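Chemist: give me the fold of what follows.
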Amino acid sequence: MVVITLQRAKCIGCNYCVEFAPEQFRMSKKDGKSVLLHSKEKKGFFTLKSPDDTILKNNMKAKEACPVKIISVKQK
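Modeler: Down below sits the predicted model:
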């Protein structure tokens, strides 16, 4: 199980997450911020829980590339 969390309000729209993990991230055409696809929002945190462990590598790259450190990736 891979758990990805995004603090969307702090996003600066650099697009790195989309470059490294396009299956999970898109840039919003409305405000230019990152969107974590298929996630659930709770108190400003968008969380995606996926049983697919193959997404871990690309999302770890997205986490490391994020200049404002608003992406969390954990394997459970």
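Chemist: which parts of the lengthiest helix in the chain are buried?
Modeler: Across the chain, the longest stretch assigned as helix under DSSP state H is helix 56-65. Using 16 or more other C-beta atoms under 10 Å as the test for burial, helix 56-65 gives Leu56, Asn58, Asn59, Met60, Lys61, Ala62, Lys63. For glycine as for every other residue, the C-beta is placed from the backbone atoms N, C-alpha and C.
Chemist: so what touches whichever helix or strand comes after that helix?
Modeler: Counting by DSSP states H and E, the next helix or strand C-terminal to helix 56-65 is strand 71-75. The list of residues contacting strand 71-75 from outside it, by C-beta atoms under 8 Å, 6 or more residues apart in numbering, reads 1-6, 17, 53, 56, 59-60, 62-63.
Chemist: pull out the buried residues from strand 71-75.
Modeler: Ile71, Val73.
Chemist: again, but for stretch 25-33
Modeler: Under the neighbour-count criterion of 16+ other C-beta under 10 Å, stretch 25-33 has Phe25, Met27 buried.
Chemist: only alpha carbons, please: show it as CSV.
Modeler: Output in CSV follows, covering the C-alpha atoms of stretch 25-33 (Å, rounded to 0.1, in the frame of the first residue of the first chain):
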residue,chain,number,x,y,z
PHE,A,25,-0.6,14.3,-10.6
ARG,A,26,-2.0,17.0,-13.0
MET,A,27,-1.8,20.7,-13.0
SER,A,28,-5.1,22.6,-12.6
LYS,A,29,-6.0,24.8,-15.5
LYS,A,30,-8.0,27.0,-13.0
ASP,A,31,-5.2,28.0,-10.6
GLY,A,32,-2.0,26.4,-11.9
LYS,A,33,-1.6,24.3,-8.8
